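Participant: Here is a sequence together with a model predicted from it:
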Amino acid sequence: MQTILRGTSGEVVIDTNGPVVIIGESINPTRRRKLVSTLTEGNFEYLLELAETQIRAGADVLDVNVGFPGVDDEKLLPLAVSAIQQRFHIPLCLDSPNPRAIEAALKAVNGKALINSVNGEEKSLAALLPVAREYGAAIIGLCMDDDGITHDPLKRLSIAEKIIERAMLAGIGREDVIIDPLAMAVSADTGACLVTLSTIKLIRERLGQNITLGASNISFGLPGRETLNEVFTAMAVQCGLTCPIANPEKVTAAVRAADLVLGRDDFAMRFVDYYQSRQAQDAQ
Amino acid sequence: MNDILLQIGLCVESGKINKASPYPPAMKDREGADELTRMAIEGGTSPDAILEEALIPAMARVGEKFSRKEIYVPQMLMSAKAMNSAMAHLKPFFQSGETKRKGKFIVGTVAGDLHDIGKNLVAMMIEGGGWEVIDLGVDVGTEKFMNALDANPGAVVGLSALLTTTMENMKKTVSALKEKHSGVRILIGGAPVTQDYCDKIGADFYSPDPQGAVNYLKQLAS
């Protein structure tokens, strides 16, 4: 199955047979106070800097979240989208819990964006599916619903099924629903990552969808966070993760390695290129 | 201090729950916080002494080590489990009023936010500081906080938020609680929260780590 996203030029194909597509997570005010202070002043330079750094590091798509207290993200998200698209051509992933901000941003988007995110709650489905349909966007479907978060992979699977069914009823193509099976911190529950991996396998085998994951927080509260994130990402890729939302500066090496190990990187071109371009950047 | 209190404290600090628990491996087959607390009570040690001289100082040491990044979340959770196994023996004395807690602490993650780890760490550290904790869970709206505060007037309230997009809900909850209960003390925390934001929304205290919250409550109770 292929999900196709478009920026201002060209397209990014997320294919269930790989290679992995990286959605850069760094344009997000949580833990990035400088983004809050610069955006509050109406200054987009730091946001554009984050976009450029991530693209250089291997991001194929950029997540854009500009929600923080005191800001009207219905106004700010479209402005951020336009600012990024004036300079960079890659597709965007619009990230807000506010459906009106998503809709306002979709009006500003050039290309085919991804919505982050819809979940199985009735309120969420009703607010976002018609909007996704109207603007021709793809959606991320989060495996939680009105009952909150379940730790049972089969229940997460059934929420994914429900989101896909409802999306199709709303006129959205099945391939335009990317499932997020949820990833929780393994420090608080050492079974948490296994639940995620099992869910990924189930979704891959039974539904065949593309799969995303906010994978950086599984290591919260532990030492060796980068190692944990890399190992988990590689294992998740083998199970069927196709487009993680992560920091490309940290995750790209592991992703390229996983693709190579899984036989999806002819002549190891992408893997080697990653290291050669890093050498070239270091030499500058 | 008598030896058994030192041992209970050590079990809590090391996360040794009971004899059956294999963790930590160095304490395998030894009595844990569970058995030692029962033995202490049976031997005539006062529940007050167990709380004040063993559990509270042990959890404070755990909190300080966590603040200094010497230990990590799983180790704190083990300590909390050991503490709970000891606290279970003190419950009858709390209920009868023979042993008093410092006060009540209502805690929850604000509306729209499902992150519970930070909130749980704060809840367990404050329980380990001798307070009765009323944990409302995650995605807690203003009304639920209000009902809990109405039912427990004088309680201190703690709000957690992990996303910049949900911390706005702290403001609404703080204003509503302060309007009805003007004397209520509210503390806030979570990754995106700052002292500046705390001041702006009229909350009383911000701490970047759980031990800061414990210290603030200690100061309130004294």
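Facilitator: Looks like it came in fine.

Participant: In the stretch 101-250 of chain A, what residue spans correspond to strands?
Facilitator: A:114-119, A:138-142, A:177-180, A:245-246 (DSSP state E, counting those that start in this stretch).

Participant: Just list what the longest one packs against, helices and strands only.
Facilitator: When you say that, I think you mean strand A:114-119. Applying 3 or more CB pairs under 8 Å, 6 or more residues apart in numbering or on different chains; DSSP states H and E, we find strand A:114-119 packed against strand A:92-95, helix A:122-135, strand A:138-142, helix A:153-169. (Each C-beta comes from the backbone N, C-alpha and C, glycine too.)

Participant: Quick one: mean pLDDT over that strand.
Facilitator: Strand A:114-119 carries an average pLDDT of 97.

Participant: What of the shortest one?
Facilitator: Rounded to a whole number, the mean pLDDT of strand A:245-246 is 96.

Participant: re the thing from before, can you list the strands of the stretch 101-250 of chain A in a markdown table and add distance to B:Arg30 and mean neighbour count?
Facilitator: Output for the strands of the stretch 101-250 of chain A, formatted as a markdown table (distance: least, CB to CB, whole Å; neighbours: other CB atoms under 10 Å in any protein chain shown):
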| stretch | distance to B:Arg30 | mean neighbour count |
| --- | --- | --- |
| strand A:114-119 | 47 | 24 |
| strand A:138-142 | 45 | 26 |
| strand A:177-180 | 45 | 27 |
| strand A:245-246 | 43 | 26 |
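
Participant: The helix ranked longest in chain B: what's the following helix or strand?
Facilitator: Under DSSP state H, the helix in chain B containing the largest number of residues is helix B:73-96. Downstream of helix B:73-96, the first helix or strand assigned by DSSP states H and E is strand B:104-109.

Participant: The following helix or strand past that following strand vs helix B:73-96, what angle?
Facilitator: With elements assigned by DSSP H and E, the helix or strand that comes after strand B:104-109 is helix B:117-127. Helix B:117-127 and helix B:73-96 are oriented at 40 degrees to each other (axes from the mean of the first three to the mean of the last three CA atoms, to 10 degrees).

Participant: can stretch A:138-158 be found next to chain B?
Facilitator: Yes - on the criterion CB under 8 Å from any CB of the partner chain, stretch A:138-158 is in touch with chain B at A:144, A:148-149.

Participant: ok, back up a step: export the helices and strands packed on strand A:114-119 as CSV, with columns for mean pLDDT.
Facilitator: Putting the helices and strands packed on strand A:114-119 into CSV (pLDDT from 0 to 100) gives the following:
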stretch, mean pLDDT
strand A:92-95, 98
helix A:122-135, 97
strand A:138-142, 98
helix A:153-169, 98
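
Participant: Tell me which of those sits most buried.
Facilitator: Comparing those by mean neighbour count (mean count of other CB atoms under 10 Å in any protein chain shown), strand A:92-95 comes out on top with a mean of 28.

Participant: can you pull the contacts of the closest residue to chain B within the stretch 151-284 of chain A?
Facilitator: Residue of the stretch 151-284 of chain A nearest chain B, by CB to the nearest CB: A:Gly221 (2.9 Å). Each residue near A:Gly221 by CB atoms under 8 Å, 6 or more residues apart in numbering or on different chains is listed here: A:185, A:187-188, B:72-74, B:117.

Participant: now it, nearest residue through space, not along the chain?
Facilitator: B:Val73 (2.9 Å; CB to CB, 6 or more residues apart in numbering or on different chains).

Participant: pretty sure that neighbour contacts B:Gly118?
Facilitator: No - using CB atoms under 8 Å as the test, B:Val73 is too far from B:Gly118 to be in contact (9.6 Å).

Participant: sorry, back to before: next, format the contacts of A:Gly221 as a markdown table and append distance to B:Asn2 and neighbour count.
Facilitator: Formatted as a markdown table, the contacts of A:Gly221 follow (distance: CB to CB, whole Å; neighbours: other CB atoms under 10 Å in any protein chain shown):
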| residue | distance to B:Asn2 | neighbour count |
| --- | --- | --- |
| A:Ala185 | 39 | 18 |
| A:Ser187 | 35 | 21 |
| A:Ala188 | 35 | 18 |
| B:Tyr72 | 32 | 16 |
| B:Val73 | 32 | 19 |
| B:Pro74 | 31 | 17 |
| B:Ile117 | 36 | 20 |
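
Participant: Same list (those) but as JSON lines, adding distance to A:Lys107 and pLDDT.
Facilitator: JSON lines is the format used below for these (distance: CB to CB, whole Å; pLDDT from 0 to 100):
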{"residue": "A:Ala185", "distance to A:Lys107": "36", "pLDDT": "95"}
{"residue": "A:Ser187", "distance to A:Lys107": "41", "pLDDT": "96"}
{"residue": "A:Ala188", "distance to A:Lys107": "40", "pLDDT": "93"}
{"residue": "B:Tyr72", "distance to A:Lys107": "45", "pLDDT": "96"}
{"residue": "B:Val73", "distance to A:Lys107": "42", "pLDDT": "96"}
{"residue": "B:Pro74", "distance to A:Lys107": "46", "pLDDT": "96"}
{"residue": "B:Ile117", "distance to A:Lys107": "37", "pLDDT": "93"}
